[in-house]
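J.: with the input below, show me the fold.
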Amino acid sequence: MWGAFALIALLAPRPAGASEPVVKKEKPYALIFGTVFDPDGHPVYGVKVKIRRADQKKAHWELYSDHQGEFAQRVPPGKADYIVWADLKDYKLPSGKHLKAGTEVTVHIEKDERSDMGLHLIW
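T.: You can find the predicted model right below:
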């Protein structure tokens, strides 16, 4: 019975002046996607990751690796280089071992694309 009412509602004429629903178009973006690895190659949870444009001095974005060691950050589309690094200042492993940040990684973006990378930590 309800199906008939739904069909009638769909087929009923629209009132004059009614417009189609507005679909908001999302702005284009590029995506930096990465994984944080410990020295043994295992993903690491809860590591603070910082990202800045190569032509700037301070981090513009800060985020944390998830339970799979992964992180993702939207950045503006277009040609640019970004520096990505791990900030382990307040990070402690449950085992008591101390991790150190590896080298910074430069990510090059050309347009609205996804760039995958890895951050490898050291003992």
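J.: show me where the protein has helices.
T.: 2-11 (DSSP state H).
J.: tell me the centre residue of it?
T.: With distances taken as C-alpha atoms, centre = their mean, residue 72 lies nearest the centre of the chain, 2.0 Å away.
J.: check contacts around that one.
T.: 31-34, 63 (C-beta atoms under 8 Å, 6 or more residues apart in numbering). Where you see a C-beta, it was placed from the backbone N, CA and C, and this is true even at glycine.
J.: low-confidence ranges in the protein?
T.: Low-confidence segments of the chain, defined by pLDDT under 70: 1-19.
J.: strands of that one, start to end?
T.: Along the chain, counting by DSSP state E, strands occupy 30-37, 48-53, 61-64, 70-75, 80-87, 105-109, 114-120.
J.: dump these to TSV, plus distance to residue 97.
T.: Shown next, in TSV, are the strands of the chain (distance: least, C-beta to C-beta, whole Å):
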stretch	distance to residue 97
strand 30-37	14
strand 48-53	18
strand 61-64	19
strand 70-75	22
strand 80-87	15
strand 105-109	23
strand 114-120	15
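J.: re earlier: give me the beta-bridge partners of the residue nearest to the centre of the chain?
T.: Applying DSSP bridges to residue 72 gives these bridge partners: residue 33.
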